[in-house]
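>>> Any chance you could fold what I've pasted below:
(chains A and B)
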2 protein chains.
Amino acid sequence: MTIAEIARDFAHLCRTGREAEAAARYNAPDIVSIEAIESPFARCVGTEQLAAKWAWWTENHIVHSIAVEGPFLHGEQFALVFAMDFTRKQDGERGQSSEVALYTVRDGKVVEERFFY
Amino acid sequence: MTIAEIARDFAHLCRTGREAEAAARYNAPDIVSIEAIESPFARCVGTEQLAAKWAWWTENHIVHSIAVEGPFLHGEQFALVFAMDFTRKQDGERGQSSEVALYTVRDGKVVEERFFY
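Sure, this is the predicted structure:
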């Protein structure tokens, strides 16, 4: 698959609520996931740590909707823009956020995801 | 200025049609500008080449509207999302495009801009 094909399939899976499937299909075993601010999950390495991060997110938030723009391609990277409407279970606070996710692909696998907000 | 302050001012200038002012205020003298596909302006280095690229763009397109999302921050980089409605003067073709621009800041100046589409 070309990077464009990977990016389009990855975006399609995220757009249809199948983020975990996108991760399972395309993340490299040693993927690095980097958030923009300090948190317990600011930097995760490997599919196991990423799965823990994902589990924490889904356990602590109710997602009402996610819109995904993209993919936007450049060389071995592609970007997606996520707009999300969610409620934090901890305090019932509802919020809207949007962020850019930048993915780096090598040998057909996503080796890094980096989030901007 | 912090990178967040630079990013917000840069976005504000672009949002209000003052892209050239954003460039004049924040671009480093040796800025590198990298497009995602081959073209005469695929890779420009320095403010003079960037000005030539910008002049080519404005001379050959009529821009009906630009929407700018962001800035989205991460470390020394920030991203903007541009959605544009324009007409190519050459053939009168009207088009809509959206792209992610990724800016890298060092010592208070933008040293690289990289476009994804």
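>>> secondary structure class for the residue lying farthest from the centre of chain A?
The centre of chain A is farthest from one residue, A:D91, which by C-alpha atoms, centre = their mean lies 23.9 Å away. Per DSSP: H, G, I helix; E, B strand; the rest coil, the secondary structure class of A:D91 is coil.
>>> For it, give its distance to A:N60.
10 Å (C-beta to C-beta, to the nearest Å). C-betas here are computed from N, CA, C, even on glycine.
>>> cool, A:P29 as well?
26 Å.
>>> and those two? which has more neighbours close in?
Neighbour tally, A:P29 and A:N60, criterion other C-beta atoms under 10 Å in any protein chain shown: the higher count belongs to A:N60, 12 against 9.
>>> so that one touches A:F86, yeah?
No. Under the criterion of C-beta atoms under 8 Å, A:N60 is not in contact with A:F86, lying 9.7 Å apart.
>>> what's near enough to touch the residue minimising distance to the centre of chain A?
For chain A, the residue nearest the mean C-alpha position is A:A101 (6.4 Å; C-alpha atoms, centre = their mean). Listed by C-beta atoms under 8 Å, 6 or more residues apart in numbering or on different chains, the contact set of A:A101 reads A:A79, A:L80, A:V81, A:F82, A:E113, A:R114, A:F115, A:F116.
>>> Select from these the one having the most neighbours.
A:A79 (27 neighbours).
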